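Student: my questions concern the predicted model and sequence given below.
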Amino acid sequence: MDPARQDATADVVRTYQVFARREARGRSPAYEALAEAAAADPGIMRFVASLPPAKRQPSLLFAAARYLLGVPAEPGSLRVLVRWLSCLVWPDEGDRAERLAAAIASARRAPPRVVKGDLLTGLPALVAEGLTVVARDDQALGYADSHGTWLRWLG
């Protein structure tokens with residue numbers, strides 16, 4: 001393995017170890033154990049190190065794994081979206097699961113307007129309508145930010 005790749009892998013191992021100790025410990029025993037197990041697995045760490053730096057975060061890997069294990073890639077209905085959102089709640093975080101359940105109940109009582117489209121071309125028109133804009137995917141704004149355009153739309 002070349003030295004640069006070795007350094008990247010070592011950095012990812014440290015990131016997962018720190019995540020286990022500082023982020024997950026006391027908050028989610030399941031994610032703590034997953035982060036420790038991932039950090040100890042050279043194959044997983046090499047795979048994660050091969051990803052772009054912005055895609056190497058433990059919580060993103062764990063959410064992606066849960067998403068791939070049971071939720072379709074294109075949430076089109078509230079039922080599918082509910083399952084997808086449930087995958088994003090860390091294990092052992094009962095209060096977050098309860099808040100999600102309350103939000104889902106509210107959305108069922110008064111369904112929000114959902115607009116499917118391109119964030120970079122469609123968002124300005126929605127903002128101009130005076131709508132409250134909510135990005136369904138927290139990674140979406142990171143991609144938009146790479147174009148340097150979304151911040152001015154959100155004012």
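Tutor: Okay, I see it.

Student: and the residue nearest the centre of the chain, what element?
Tutor: Taking C-alpha atoms, centre = their mean as the criterion, Leu60 is the residue nearest the geometric centre of the chain, at 4.9 Å. Secondary structure from DSSP states H and E places Leu60 in helix 58-68.

Student: check which residues of that helix are buried.
Tutor: Pro58, Leu61, Phe62, Ala63, Arg66, Tyr67 (16 or more other C-beta atoms under 10 Å). Where C-beta positions appear, they are placed from N, C-alpha and C, glycine not excepted.

Student: measure the residue nearest to the centre of the chain to Val82 for me?
Tutor: Here Leu60 is placed at a distance of 20 Å from Val82 (C-beta to C-beta, to the nearest Å).

Student: still on that earlier bit, from the buried residues of helix 58-68, which has minimum pLDDT?
Tutor: Minimum pLDDT for those is recorded at Arg66 (66).

Student: any idea whether Ala30 is helix, strand or coil?
Tutor: Under DSSP: H, G, I helix; E, B strand; the rest coil, Ala30 falls in the helix class.

Student: okay, the closest residue in space to it that isn't next to it in sequence: pLDDT?
Tutor: For Ala30, ignoring the flanking residues on the chain, the nearest one in space by C-beta to C-beta, 6 or more residues apart in numbering is Pro91 at 3.6 Å. Looking at Pro91, its pLDDT is 80.

Student: repeat for Met45
Tutor: 91.

Student: roughly how far is the host helix or strand of it from the heart of the chain?
Tutor: Using DSSP H and E, Met45 sits in helix 42-50. Averaging C-alpha positions (C-alpha atoms, centre = their mean, to the nearest Å) puts helix 42-50 19 Å from its chain's average.

Student: also stretch 57-68?
Tutor: On C-alpha atoms, centre = their mean, the centre of stretch 57-68 falls 7 Å from the chain's centre.

Student: just the CA atoms of it, as CSV, please.
Tutor: Output of stretch 57-68 as CSV, limited to C-alpha atoms (Å, rounded to 0.1, in the frame of the first residue of the first chain):
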residue,chain,number,x,y,z
GLN,A,57,-17.9,10.1,8.6
PRO,A,58,-19.0,7.2,10.8
SER,A,59,-22.6,8.4,11.1
LEU,A,60,-22.8,8.6,7.3
LEU,A,61,-21.5,5.1,6.9
PHE,A,62,-23.8,3.7,9.5
ALA,A,63,-26.9,5.5,8.1
ALA,A,64,-26.0,4.3,4.6
ALA,A,65,-25.6,0.8,5.8
ARG,A,66,-29.0,0.9,7.6
TYR,A,67,-30.5,2.6,4.5
LEU,A,68,-29.1,-0.1,2.2
